[in-house]
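Novice: I'll drop the sequence and a predicted model, then ask my questions.
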Amino acid sequence: MEKPPPNPPDPAARHPTSPEPSVPSPWGRLRRLAWIDIGPLRRSRDLRWLFIGQSVSGAGSMLTFVAIPYQAYRITHSSLIVGLLSLAELGPLLLVAFIGGVLADAVDRRRMVRWTEFGLCIATAGLVLNAALPPARLWVLFVIAALTAGLGGLQRPSLSALVPRLVQPEELAAAAAANSAGSTFGQVLGPPVAGVLLATVGLALTYGVNVATFVFSLFALAQLTASPPPPDSPGLSLAAVRQGIRYAGSRQELLGTYLVDIGAMVFGMPTALFPQVASRLGGAAVLGVLYASPAMGALLLSLTSGWTARIRRYGRAVAIAAAVWGVGIIGFGLAGSLALAVLALIVAGAADEASAIFRSTMWNLTIPDTLRGRLAGIEMLSYSSGPAVGNAEAGLVEALFGLRTSIVSGGILCVAACVGLSLALPRFWRYQADPSPVAVES
């Protein structure tokens, strides 16, 4: 009769110095679900440098974002001229979107980001000279606004397509949330800092601070390793553009992300009405608060975005988040006080940020590396054209039917668009990512 096998040796006896496997406490598990996951920033040196550089230059760009309209109004005392500046920016952006996408798939993405960042730095230096050598010329503002928009349109696809190469697939949601937190922090901080600088040191030095942030960003980008084009890159050609458009059109889940975002922005974008709302809720003093409120909501969502890494049904997550944006806009239109209006905009901004995180993760998980740049160009068209058309739509409806009707109806149509598109694009609504490997604990 065989003897039973001996009891297995105690692993701790074999390795008395080995630590016991740690079991996360309930508080630790809650923290990982609720707080932003900065693990990708710790593990990826390149992502860390990219995050730092783009956060700094993004905050600096918000100074120029405020200063150019301010200078244009000071020269002309015309709100129409200020509005035309936005139109001057939209044209070049739409023109170069596909070009930037093709370049992102055909050249070294790091080099593309660096050269466009250098161009943005030089353009901003032109604003310094225009402000420092009176009289300031209005046409310079229009030329540089168009130039920077075009350079941004060339840069953005390469920047978007660069990030998935810097992290593991299971870290894409966390990386998107971290990058978004850096950019939204600049959107919250930049406008009030711009106001202080404009009031104290003037236009030239305000633009000069932005130039300094670009110099720092160029230093950060120089620390990144090269990111050459994929081996099977199609190169620069119209055929490459058509290939990207065909691919997007063949993927119902991708079409859903583009169309839901466009619908939300076209129907539910009320920023053109902020000055009129501010006049009813306290005057010019509250206008900056209204502009900052959606960015504050986006920042809060980014900082508490640990839970987003556990979401797998990205299609419905995008649709639901966009619908919540519409609900927030409805609340904003019905608000009778500044506090309620700000709360509604914070909710809307948080929902928009959640939608952006899920869209970005879905794109980066499903789009082949050889097509990421071109699809990023299409993505840029969706999020840049929607707000411009939406603000025009909001102003037109307000002129015809009044302020509250414009805002509330826009929010309702946004929700309806999300529901309708989810029904019309079932593969988008049902899309679910494959289970990812367990991420390394941060």
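Specialist: Okay, I see it. All values reported here derive from a predicted model rather than from experimental measurement.
Novice: quick one, phi/psi of residue 290?
Specialist: phi -60, psi -40 (degrees, to the nearest 10).
Novice: measure the nearest residue to it once chain neighbours are set aside to residue 384 for me?
Specialist: Distances taken as CB to CB, 6 or more residues apart in numbering place residue 274 nearest to residue 290, at 4.6 Å, with adjacent residues excluded. For every residue, glycine as well, the C-beta is placed using N, CA and C. As for residue 274, its distance to residue 384 is 19 Å (criterion: CB to CB, to the nearest Å).
Novice: Nearest residue to the middle of this structure?
Specialist: Centroid-nearest residue in the chain: residue 180, 5.9 Å away (criterion: CA atoms, centre = their mean).
Novice: rewinding a little: my read: the residue nearest to residue 290 touches residue 293, true?
Specialist: No - between residue 274 and residue 293 there is no contact under CB atoms under 8 Å: 9.7 Å.
Novice: Could you look up the SS state of residue 226?
Specialist: At residue 226 the chain is in coil, as set by DSSP: H, G, I helix; E, B strand; the rest coil.
Novice: Next up, the contacts around residue 153.
Specialist: Listed by CB atoms under 8 Å, 6 or more residues apart in numbering, the contact set of residue 153 reads 92-97, 99-100, 380, 384.
Novice: do the same with residue 110
Specialist: Shown in contact with residue 110 (CB under 8 Å, 6+ apart): 162, 221, 224-227.
Novice: Apply the buried test to those residues and list what passes.
Specialist: Among the contacts of residue 110, those scoring as buried are 162, 221, 224, 227 (criterion: 16 or more other CB atoms under 10 Å).
Novice: The second one: what secondary structure?
Specialist: By that I understand residue 221. Here residue 221 is recorded as helix under three-state DSSP.
Novice: Give me the distance between it and residue 118.
Specialist: Relative to residue 118, residue 221 is positioned 9 Å away (CB to CB).
Novice: Also the first one?
Specialist: Counting by CB to CB, the gap between residue 162 and residue 118 amounts to 16 Å.
Novice: Tell me which residues are up against stretch 246-259.
Specialist: With CB under 8 Å, 6+ apart as the test, stretch 246-259 has contacts from 314-315, 318-319, 359, 362-363, 366-367, 371, 374-375, 378-379, 382, 421-422, 425-429, 431.
Novice: Just the buried ones from these, in ChimeraX syntax?
Specialist: A single ChimeraX command selects the buried members of these (16+ other CB under 10 Å):
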select :314,315,318,319,359,362,363,367,371,374,375,378,379,382,421,422,425,428,429,431
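Novice: and residue 378, what element?
Specialist: helix 372-401 (DSSP states H and E).
Novice: residue ranges with poor pLDDT in the chain?
Specialist: Low-confidence segments of the chain (pLDDT under 70): 1-36, 78-83, 232-237, 275, 283-288, 388, 434-442.
Novice: what residues go with each domain of the protein?
Specialist: Residue ranges for the domains of the chain, per automatic domain parsing: 40-234, 237-434.
Novice: Which residue, neighbours along the chain excluded, lies closest to residue 147?
Specialist: Spatial nearest neighbour of residue 147, chain neighbours left out: residue 123 (5.1 Å); criterion: CB to CB, 6+ apart.
Novice: any idea how far residue 305 is from the one you found?
Specialist: Separation of residue 123 from residue 305 (CB to CB) stands at 33 Å.
Novice: And for residue 173?
Specialist: Taken as CB to CB, the span from residue 173 to residue 305 is 8 Å.
Novice: Common neighbours of those two, please.
Specialist: residue 357.
Novice: With neighbour numbers in mind, choose between these two.
Specialist: residue 173 (30 against 25; other CB atoms under 10 Å).
Novice: What is the distance between the strand or helix carrying the more buried one and the centre of its chain?
Specialist: Element membership for residue 173 (DSSP H and E) is helix 172-200. Centre-to-centre, helix 172-200 and its host chain are 11 Å apart (CA atoms, centre = their mean, to the nearest Å).
Novice: Counting by contacts, list what it packs against.
Specialist: helix 39-43, helix 45-76, helix 203-222, helix 287-303, helix 338-366 (3 or more CB pairs under 8 Å, 6 or more residues apart in numbering; DSSP states H and E).
Novice: Now do the buried residues in it.
Specialist: Buried residues in helix 172-200 (16+ other CB under 10 Å): 172-188, 190-191, 193-195, 197-198.
Novice: tell me the angle that helix makes with helix 287-303.
Specialist: For helix 172-200 against helix 287-303, the angle by axes from the mean of the first three to the mean of the last three CA atoms, to 10 degrees is 150 degrees.
Novice: which residues touch stretch 319-331?
Specialist: Residues contacting stretch 319-331 (CB under 8 Å, 6+ apart): 256, 260-261, 263-264, 267-268, 270, 340, 343-349, 351-352, 354-355, 358, 407-408, 410-415, 418-419, 421-422, 428-429.
Novice: Just put the helices and strands packed on helix 172-200 in TSV and tack on distance to residue 136.
Specialist: Listed next are the helices and strands packed on helix 172-200 as TSV, based on distance: least, CB to CB, whole Å:
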stretch	distance to residue 136
helix 39-43	40
helix 45-76	6
helix 203-222	8
helix 287-303	24
helix 338-366	33
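Novice: So which of those helices is nearest residue 168?
Specialist: helix 39-43 (8.0 Å; CB to CB).
Novice: Without its sequence neighbours, what residue ends up closest to residue 165?
Specialist: Nearest one to residue 165, counting by CB to CB, 6+ apart, is residue 227 at 5.8 Å.
Novice: OK, contacts around the one you found?
Specialist: Residue 227 sits next to 108-110, 162, 165 when contact means CB under 8 Å, 6+ apart.
Novice: need the contact list for residue 351.
Specialist: 297, 301, 321-322, 324-325, 327-328.
Novice: can you pick the most crowded of those?
Specialist: Using other CB under 10 Å as the neighbour criterion, residue 325 leads the contacts of residue 351 with 31 neighbours.
Novice: Name the residues of the helix or strand just after the helix holding residue 378 that are buried.
Specialist: Downstream of helix 372-401, the first helix or strand assigned by DSSP H and E is helix 403-424. Residues 403, 406-415, 417-418, 421-422 are the ones in helix 403-424 that count as buried (16+ other CB under 10 Å).
Novice: re the thing from before, any chance of the contacts of residue 110 in JSON lines, with distance to residue 144 too?
Specialist: As requested, the contacts of residue 110 are arranged in JSON lines below (distance: CB to CB, whole Å):
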{"residue": "162", "distance to residue 144": "26"}
{"residue": "221", "distance to residue 144": "22"}
{"residue": "224", "distance to residue 144": "27"}
{"residue": "225", "distance to residue 144": "32"}
{"residue": "226", "distance to residue 144": "30"}
{"residue": "227", "distance to residue 144": "29"}
